[in-house]
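1. Sharing a model prediction with you, sequence too.
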Amino acid sequence: MSGSNQKPLEVPEQSEGNEQGSPQWGEPKLSSDRTDFNALPEFAKLPKANSRHKQDHAALAAEFNKDEPRVDWHDETLWWVRQKRDKAAARVPEWELLRDTASRIKDNVLSNLSGYLRQFEEEATRNGITVHWAADANEHNEIVLSILSRHKIDKMVKSKSMLTEECHLNEFLHEKGIDVVDTDLGERVVQLAGEPPSHIVLPCIHLKKQEIGEIFHEHLGTPKGNADPQFLTHAARLHLREKFLTRRVALTGVNFAVAETGEFVVCTNEGNADMGAHLADVHIASMGIEKLIPQRRHLGVFLRLLTRSATGQPITTYSSHFRRPRQGQEMHIVLVDNGRSVHLGRKDFRNSLKCIRCAACFNTCPVYRRSGGHSYHTAVAGPIGSILSPNLDMKKYADLPFASTLCGSCSNVCPVKIDIHEQLYKWRQVIVQEGYAAAGKTAVMKTMNWVLSHPGVYHTAGKTGRWFMLNAPFTVKNGFNTWYRQRDMPTPPKQSFGDWYKKNKK
Amino acid sequence: MNESSNTATRNSRDKILNTVHGNQPAPRELPPLPEGTPVAPGDLAPTFITALEAIGATAYIVSGFDRIATMLHEQFPGARRIVTGCPQLNAFAEAAAAAKGLDPHLLENVELAILPAHFGVAENGACWITETQMVERALPFIAQRLVLVIPHSSIVPNMHAAYDRIAALEAEAPANTYGFSTFIAGPSKTADIEQSLVLGAHGPISLTVFLLDEELSDAGYF
Amino acid sequence: MRVGLFIPCYIDQFYPQVGIATLELLEKQGCEVVFPPEQTCCGQPMANSGFEHLTKGCNDLFIKNFEAFDYIVAPSGSCVLHIKEHIHDPASQKPPEAASSDRTDISALPEFANFPTAHSRHNIPGKIFELVEFLTDVLKVDKLEASFPYKVGLHQSCHGQRGLKLAQMSELMAPPFSKPQQLLNLVKGLQLVELDRKDECCGFGGTFCVFEEAISVKMGKDRVADHIRHEAEVITASDMSCLMHLEGILRRQQSKVQIKHIAEILNARL
């Protein structure tokens, strides 16, 4: 064993001893400093904003930012993952060609998805796999429950599946008295903590090792104060091995399903999907219908891209190809729609269905790194979540396309070249047109537009700079304005450029 | 599943397929697949070994199974239960046949598994192992330590070549048409706790790969 | 060569010296520069907030002001990108969205009584340039009579960089280049500092800066810290909006670090 990669991959501790400010998945208050347009006299008669989610991204992010050293730590940790991605990608001379190829394969998939679904169903069935179809989250959950009930089983293990997070399977099964153990280490940590994952590849990246040590102390009986990752991982290994050995049903996600052969591929570093599936009598694999690829050889393209984009590794430790159940085992696949077929019809947004869930867009996003995954209040956070979620519930997720500066970094790292930042822009238009924008914002925009469409009004709006001070959204209201809270205002000059030009050049 | 839910899933199937069919865009051609950057044949094994070491595994080029047995004796002196899928090592380890067909749970105490694999991939250090080579599907995952043996001449440059090779293997022998198969690249690992890399998450805590070159004499090689 | 000078609204109102530097810089290169007085805004603040359907008035005004020029130049990558991508072409298409009730119909207003309802094809996206790319790609400037003896940190504004491709993006595996750096290298005495994150967003983001105030400020503080850590005395960019945001943070921190639009540096004789 050699090479620098073997050193412990530690990120410098920046806030030793700071135990506060863990993102609360409760009811963070709206920051009182946010400009409430409805409270301003000139907007008093406007209808109250009725479409903003109670805990919108801005408010949750502001809450997360109350502990600045923690934000720095979170940002540095994820930026480091982005840098690993850069290094891994740079080692592949044909990287950009691979991205382009992957994107075009997915174009083909989307253009013939119904055909590939039928082909996959036929091949998988021929292989001895039982194929189920779920129109929505609830049907998916009911199908899983029915399989468990048929076997009279009330305990199962589950490896990472963002689809089951999207479907809220754990909550559903818990209510039905089924015990579900998440076996991915990060997912187990957040499950014990009673939180959802904050990142689709690194579920507990928002937690510090000391906090994880506490959680393990409480739930697994590890010694108090022990926060050594090696030790904690070993404790989880022993704890979860017992679960693997005693559970008869294992549920896994699916990274890719091959229409040509009826097989599916599950990628993990820990080996938890395999431990679960190969020791269980029943293997259930849940997949979104967009996970299909046409042929097995296309896996070569996607497996080269996936892990390099996700963590900077050249490939995951295990890329397991499931084609037939083990002798004596049952294997089920649940094909889940849950809004995807409708999304496919949205011309401007369908490309987001190309996503292979690598989370490279999370790690590069300067907003995600500083707001934490929970601020997105949805299963798939980050830039990709911000364009996928409004399709599921436009009202609930109306804030997410605005949780971006449209810097475009996400689209550049995306291994399947989804135009993420352009879709964020387009979602903003749709959300406003569908009436989900705050009324106050609409009023400001209308006023601003009216002035900016009328040069006469614009030029006579008063003393130079005054109009902006009063109306431009980035300087709204002096005194307690949102801009001014942590930033100084520009000093208004004696004359505008227009005035200067009139005097000096005409 | 009872009849009513069967009907429901049938209805959902048709509904999903109809909506997808109605909403999918006009046909788009599949692109040609890249071949990847070529690697000189002489560089394949060294590139593979470098990749393997970078992901926390160890590699040796060896001249024969005798040599492998000697080295394993040296490296894993205290291993109590050793299972192998390589018949050449039956004197050294529990034969595959004994475990085959057993309840996979009974493999829980295997400390060392020694299995053959088809080939390695130079760009990422992964080895392709199919179900028939695994003794039991669970074995490469449940064993505390894993050893894979691949032919030295088997290394392919990248994943595109790997899938070409997989297709060729299936065309060669129907027995190679796997029900389960996997690429294994290094020991089981996680970095979920503050991005600190820990080897041995749920699966083997170490991986050793032997590149078997029977044309070699022992001199100068392991 | 007749160049229409587009000075974005916040530069007009807050940073007239940037407009003056842009004008002088272009004139030094032999351009005939005209500033159409009735200009206001590209419409981006509304559009990025989801109100693109409201921007027809701004768009029409922009077309009226600028369609006659050979080139249109603005000292802002963000505004130029917005115009390039979103200005409608009345000759070939309808306006982007059809929410007519919200749209100001400026042709109905008295001051636009003579405003034609259908134009000839204006080709504005093809002839509008951000200042830096106009200097490097159209005028092919390879020397400048400029001196600026300071340590300068270059902030890569996202829309200029990732939208207009003024510089290679760190995410892509492609050969490096930087048009702003190419010009700054021509300035006597100027020393560019290396940054830890050479193209991370500053967090301005238009209305993002107030609607997501906490993140916006945190992003800005982190950018400023990177420049300060590398001992920049001046932070420059080709977008004044980013600099306005960074300046607000610097002033609040009572930092001595200055901000200068790249036009001011390229036009400087210090």
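-> Cool, got the structure. Predicted model only: the values in this text are computed from it and were never measured.
2. And for the lowest-mean-pLDDT helix or strand in chain C, what's in contact with it?
-> Of all helical and strand segments in chain C, the minimum by mean pLDDT, DSSP states H and E falls on helix C:44-46, at a mean of 84. Helix C:44-46 is touched from outside by A:445, A:448-449, A:452, A:472-474, C:52, C:54-55, C:58, C:78-79, C:82, C:86, C:206-207, with contacts defined as CB atoms under 8 Å, 6 or more residues apart in numbering or on different chains. The C-beta positions use only the backbone N, C-alpha and C, and glycine is treated the same way.
3. Narrow those to those that are buried.
-> Among the contacts of helix C:44-46, the ones that count as buried by 16 or more other CB atoms under 10 Å in any protein chain shown are A:445, A:448-449, A:452, A:472-474, C:52, C:54-55, C:58, C:78-79, C:82, C:86, C:206-207.
4. Mind giving me the packing neighbours of the lengthiest helix in chain A?
-> For chain A, the helix with the greatest residue count under DSSP state H is helix A:68-90. Here helix A:68-90 touches helix A:299-310, helix A:360-364, helix A:366-371, helix C:213-229, going by 3 or more CB pairs under 8 Å, 6 or more residues apart in numbering or on different chains; DSSP states H and E.
5. could you give the angle of that helix to helix C:213-229?
-> Interaxial angle, helix A:68-90 versus helix C:213-229 (axes from the mean of the first three to the mean of the last three CA atoms, to 10 degrees): 70 degrees.
6. Any idea how far the first helix or strand past helix A:68-90 going along the chain is from the middle of the chain?
-> Next helix or strand after helix A:68-90 toward the C-terminus (DSSP states H and E): helix A:95-111. Distance of helix A:95-111 from the chain centroid (CA atoms, centre = their mean, to the nearest Å) equals 21 Å.
7. And stretch C:166-180, by the same measure?
-> With CA atoms, centre = their mean, you get 18 Å for stretch C:166-180.
8. List the buried residues for it?
-> So for stretch C:166-180, counting by 16+ other CB under 10 Å, buried means C:166, C:167, C:168, C:169, C:170, C:171, C:172, C:173, C:178, C:179, C:180.
9. ok, now stretch A:57-76?
-> A:57-65, A:67-68, A:70-75.
10. can you tell me which helix or strand residue A:264 belongs to?
-> Using DSSP H and E, residue A:264 maps to strand A:263-268.
11. If I take that strand and helix A:299-310, what angle do their directions form?
-> Using the same axes, to 10 degrees: strand A:263-268 against helix A:299-310 is 20 degrees.
12. ok, residues contacting strand A:263-268?
-> Counting by CB under 8 Å, 6+ apart, A:123-124, A:127, A:159-160, A:184, A:252-258, A:273-274, A:277, A:285, A:287, A:291, A:296, A:299, A:303, A:306-307, A:316-323, A:333 sit against strand A:263-268.
13. Report whether whatever helix or strand comes next after it contacts chain B.
-> Where DSSP H and E defines the elements, the next helix or strand beyond strand A:263-268 is helix A:272-279. Yes - residues of helix A:272-279 are located near chain B by CB under 8 Å from any CB of the partner chain, namely A:272, A:274, A:275, A:277, A:278, A:279.
14. residues near the closest residue in space to the second one that isn't next to it in sequence, how many?
-> In this structure, residue A:274 finds its nearest non-sequential neighbour in residue B:141, 4.5 Å apart by CB to CB, 6 or more residues apart in numbering or on different chains. Other residues within reach of residue B:141, judged by other CB atoms under 10 Å in any protein chain shown, total 32.
15. likewise residue A:484?
-> Quick note: residue A:484 (other CB under 10 Å) scores 17 neighbours.
16. ok, now residue C:143?
-> 6.
17. domains of chain C?
-> Chain C breaks down by automatic domain parsing into domains covering C:2-132, C:141-266.
18. re earlier: looking at the buried ones among the contacts of helix C:44-46, which are in helices?
-> Per DSSP H, the buried ones among the contacts of helix C:44-46 map to helices at A:445, A:448, A:449, A:452, C:58, C:78, C:79, C:82, C:86.
19. on that earlier part again, is it correct that the residue nearest to residue A:274 falls within a helix?
-> Yes - residue assignment for residue B:141, taken from DSSP: H, G, I helix; E, B strand; the rest coil, places it within a helix.
20. tell me the contacts of it?
-> Here residue B:141 is in contact with A:271, A:274, A:275, A:278, A:318, B:188, B:202, B:203, B:204 (criterion: CB under 8 Å, 6+ apart).
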